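*Asks:* 3D model of this:
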Amino acid sequence: TQEEVKRRLGEIASNIPEFEGSRLVYYKWFLGKECLIYTTLDMFKLEGTLYKGFCWCPLEKKNAINASLAQMREERQILCTHLISYPAGSLPPPTSFRTNEFLKPFHDIVQTYGVATYKEANPALFTIITFPFLFGVMFGDIIHGLILVVLALYICFRKDHLKATNSLFANLIESRYLILLMGLFSFYCGLIYNEFASSPIYIYRTCFNLNVYGTKEYNRTEASCVYPVGIDPKWFASSDFLIFTNSYKMKFAVLIGVIHMLLGIVLKGLNDFHNRDYLSLVTEFVPRLVFMVAIFGYMNVMIIIKWVTNWNLNPRNVPSIITELINIAFKSGDIGPVPLFGDGSGQRLINKIVFFVCIACVPWMLFIKPIAISWRQSKNVQIVPYTKEEEKTDTHRAHVMSEEDHNGKGQDMLSSHHKIISQHVPGGQEPDFLPPSHESNAFSAVFTHQLIETIEFVLGSISNTASYLRLWALSLAHAQLSDVFFSMTIRSAINYKGGAQFVLLFITYILLAGISFAILLCMDVLECFLHALRLHWVEFQNKFYQATGYKFAPMTFSNLDKADQF
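*Replies:* Numbers count the residues shown, from 1 in each chain. Predicted structure coming up:
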């Protein structure tokens, strides 16, 4: 009857006190749980009344799992399973990283690019600092960075309220610490640039005074005077301000880029050393590091020398660093009319050494590894040896079997693990995630691969260094946009002479706030974020990050415990 239908619907919609949700949600949770259990059981092999299979278990959880199984045997008086460890074979372990609310957004940035290979250096650790710092270099402004900091702090302290009210800011809760660091580094870089929404701040007394009234030329008050923090605010009134900031930010971007790429190359060497791949360590890491330090490290040294040298005595003959680098490549290390340091003889010698070192690194990267691999194959020496130390992994492969099977058939199960694994894959084929075998390869194939790697690194080192100039370009664009918006709004109202100046100031302030929010705090934040992402994925991680792993995905009911998942 209709009353019976209403009563039954009321029972389904009623809440269950133990579950803290309605019966309908409880039924969905129960069905999801059962589906997950039977989906997992379907991966096992049934022999009689026994289920056999392989699983991955974190080493730190192994004792806890065995203790839980032992407790189950005692309480229920049943034959329960054991975790039987055996040496690693051809199946690579999955990758698992422990994260928290602070690390998760940085880890997600890296995982979006690819899952780290097992025991590979995790770039997320370095991304915690480098990502917000590169963002701050591009977005550097005191007030705009401070707005991001205030927003992040508001989300941090009001996250529970934002979740409960389903606020628009609730989508930013997981990224609140990332936004906080981005704001802090933007504030710091803005302090170094001395940019407060396109206007300088006089934190300390300036080191310049007006030379001729009515002009934009200034002289130092004292020869030894140095502005303590950031750029002297008098530079903003100088006619050479744009030239000065362009030169400063461009060279600063190159310095940061070379250091960032060198960090990636060092991590490549640490990966090779950890994996005991000494051939790659000698034939790839060492020549790459030498090549990068020789040409681009030397370029950084020239930038610093040019910065600290006083060229006021000869301002028209300041050497160009770009010209010096071109001379190294095309004139065998010759220098221009004015040496960068000394009388020029020492610089000429260093340029020649840099030239020949860079030339020598190319065949070092190209030929030695293929020749060594060919020689080892001819001697039947395994290219990538596996030792017992390497088999001690943080995650152990475990064979799940009963007590009876453990006593009788365990060794047979271990000897035929590949056969059982293949039965879990459609068509009886080996899983796709099996690593390539270390069988002999033709010398031509190895040489072709090494040729591609060498060309990619040599040409990529140049293009990647130039790519870091986006730090300079976006920083300059942010500063100029702020200046244009301020000039066309507040500054125009200040220069207006009339009785309606106050009203005009109020209107232009609202207009400036709206434009700054829409373009600088929304569009420019997204733009700087994407460029910082590209610098990490392409320029930094391609130096060492293989990203050929797969995630550790254990069976868990944690995602089913929340009613809001349905």
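
*Asks:* mind listing what's buried along the strand or helix carrying Glu60?
*Replies:* Glu60 is located in helix 59-76, with elements delineated by DSSP states H and E. When burial is assessed from 16 or more other CB atoms under 10 Å, helix 59-76 yields the following buried residues: 65, 69. No exception for glycine: its C-beta is placed from N, CA and C like everyone else's.

*Asks:* what mean pLDDT does that helix get?
*Replies:* Averaged across helix 59-76, pLDDT comes to 82.

*Asks:* let me see the mean pLDDT of stretch 536-548.
*Replies:* pLDDT averaged over stretch 536-548 gives 91.

*Asks:* how far off centre is that stretch?
*Replies:* What separates the centre of stretch 536-548 from the centre of its chain is 9 Å, taken as CA atoms, centre = their mean, to the nearest Å.

*Asks:* okay, buried residues for that stretch please.
*Replies:* 536-537, 539-545, 547.

*Asks:* low pLDDT regions in the stretch 251-400 of the chain?
*Replies:* Confidence mapping of the stretch 251-400 of the chain against pLDDT under 70 gives the ranges 313-316, 380-400.

*Asks:* apart from its chain neighbours, what residue comes closest to Val446?
*Replies:* Pro370 (4.5 Å; CB to CB, 6 or more residues apart in numbering).

*Asks:* what sits against that neighbour?
*Replies:* Taking CB atoms under 8 Å, 6 or more residues apart in numbering, we find Pro370 in contact with 443, 446-447, 450.

*Asks:* that one: what secondary structure?
*Replies:* Classification of Pro370 by DSSP: H, G, I helix; E, B strand; the rest coil places it in helix.

*Asks:* relative to Val282, how far out is it?
*Replies:* 13 Å (CB to CB, to the nearest Å).

*Asks:* how about the spatially most central residue of the chain, phi and psi?
*Replies:* What sits nearest the mean C-alpha location of the chain, by CA atoms, centre = their mean, is Thr127, with 4.2 Å. Dihedral pair for Thr127: phi -60, psi -20, per degrees, to the nearest 10.

*Asks:* residues in contact with the nearest residue to it once chain neighbours are set aside?
*Replies:* Nearest non-adjacent residue to Thr127, counting by CB to CB, 6+ apart: Phe106, 4.7 Å away. Contacts here follow CB under 8 Å, 6+ apart; on that basis Phe106 touches 124, 127-128, 131, 178.

*Asks:* give me the mean pLDDT for the host helix or strand of Phe106.
*Replies:* Assigned by DSSP H and E, Phe106 falls within helix 104-113. Averaged over helix 104-113, pLDDT sits at 92.

*Asks:* now that helix: buried residues?
*Replies:* 104-107, 109-111, 113.

*Asks:* now, which of those residues sits nearest Ile155?
*Replies:* When the buried residues of helix 104-113 are compared for distance to Ile155 (CB to CB), Pro105 comes out closest, at 12.2 Å.

*Asks:* that closest one against Ser175, yeah?
*Replies:* Yes - between Pro105 and Ser175 there is a contact under CB atoms under 8 Å: 4.8 Å.

*Asks:* His478 is in contact with Glu527, correct?
*Replies:* No - using CB under 8 Å, Glu527 is not in contact with His478; the gap is 9.2 Å.

*Asks:* looking at these two, which has the bigger crowd around it?
*Replies:* A count of neighbours by other CB atoms under 10 Å puts His478 above the other of Glu527 and His478, at 25 against 16.

*Asks:* what sits against the more buried one?
*Replies:* 138-141, 144, 520, 524, 528.

*Asks:* okay, it and Met138: tell me how far apart.
*Replies:* His478 is 7 Å from Met138, by CB to CB.
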